[in-house]
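Engineer: 3D model of this:
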Amino acid sequence: MTRLGGSTDWALDAASKQWGLERGRDIVVIQTGGMPEGVAALLSGAVDAVVLSPPSNFRAMKAGMHELVDVGQLGIIFPNTPLSTTRSFIKSNRETALRFLRGFTQGLHRLRTDKEFSMKVLSKYTKVTDPETLAQLHQTYGVRYSGDRIPYVRAEGVDEILKRTPGKEAREAKAGEFIDNSLLRELEQSGWFRTVGR
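Structural biologist: Numbering: from 1, shown residues only. The predicted structure is shown next:
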């Protein structure tokens, strides 16, 4: 995986538990540093398997590697890319935060519904130009893992992170201390999500 404590490390743990494998006993885990380094290590035979995310996993499969598991399909709840700010910012700039979330959720809707535009944006920011890989990226992020229509943060995912975080503070913390879904609830109650895409 890329880094100890990172999302690939967490994904490896999740898959290992599903398969009944234990670190140190069944598998040896090393850090590759990044996705390109992981692909290179796999293709060279330096490692037997690697945790990859798009588009690196597509590159590995195009080079003849086989996907063992799609961790996103294991039913695990994990806030991999949450949006964060301070309580004080929300309190003093609530309307700005609401406008941001309106734009963000419009963007998610467009990602899901406008494949051609989404592929152009994905190409710009990932530097991927291969149409097949871009189509796979859209399928992954725009269709398969696009999440719920309203992107509420789920407490069980934050609980999982707190369990994996060393130290007394993390052990004693509660997920609710880190989550504020009130802005999304306000948008939902206002009817915002019924109008997105019109």
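Engineer: can we go C-alpha only for contacts and neighbour counts from here?
Structural biologist: OK.
Engineer: show me where the protein has helices.
Structural biologist: Using DSSP state H, the helices of the chain run over residues 7-19, 35-44, 56-62, 87-92, 94-113, 115-126, 131-137, 155-164, 168-172, 182-189, 192-195.
Engineer: Buried residues, the fourth one. List them.
Structural biologist: Of the residues in helix 87-92, none has enough neighbours to count as buried (16 or more other CA atoms under 10 Å).
Engineer: Return the helix or strand in this structure with minimum mean pLDDT.
Structural biologist: For the chain, scoring each helix and strand by mean pLDDT, DSSP states H and E identifies helix 7-19 as the least confident one, at a mean of 84.
Engineer: got the angle for it vs helix 155-164?
Structural biologist: Angle, helix 7-19 to helix 155-164, by axes from the mean of the first three to the mean of the last three CA atoms, to 10 degrees: 100 degrees.
Engineer: what's the offset of helix 7-19 from the middle of its chain?
Structural biologist: Between the centre of helix 7-19 and the centre of its chain there are 14 Å (CA atoms, centre = their mean, to the nearest Å).
Engineer: How about stretch 178-195?
Structural biologist: Distance, centroid of stretch 178-195 to centroid of chain: 21 Å (CA atoms, centre = their mean).
Engineer: and if you look at stretch 149-162?
Structural biologist: Distance, centroid of stretch 149-162 to centroid of chain: 12 Å (CA atoms, centre = their mean).
Engineer: in that stretch, what's buried?
Structural biologist: For stretch 149-162, using 16+ other CA under 10 Å, the buried residues are 152-153, 155, 158-162.
Engineer: Between the residues you listed, which sits nearest Ser84?
Structural biologist: Val153 (10.8 Å; CA to CA).
Engineer: For the closest one, give its distance to Gln31.
Structural biologist: Separation of Val153 from Gln31 (CA to CA, to the nearest Å) stands at 29 Å.
Engineer: follow-up on the earlier one: quick one, which of the helices of the chain is nearest to Pro79?
Structural biologist: Per CA to CA, nearest to Pro79 of the helices of the chain: helix 155-164, 5.8 Å.
Engineer: I'm done for today, thanks for sticking with me.
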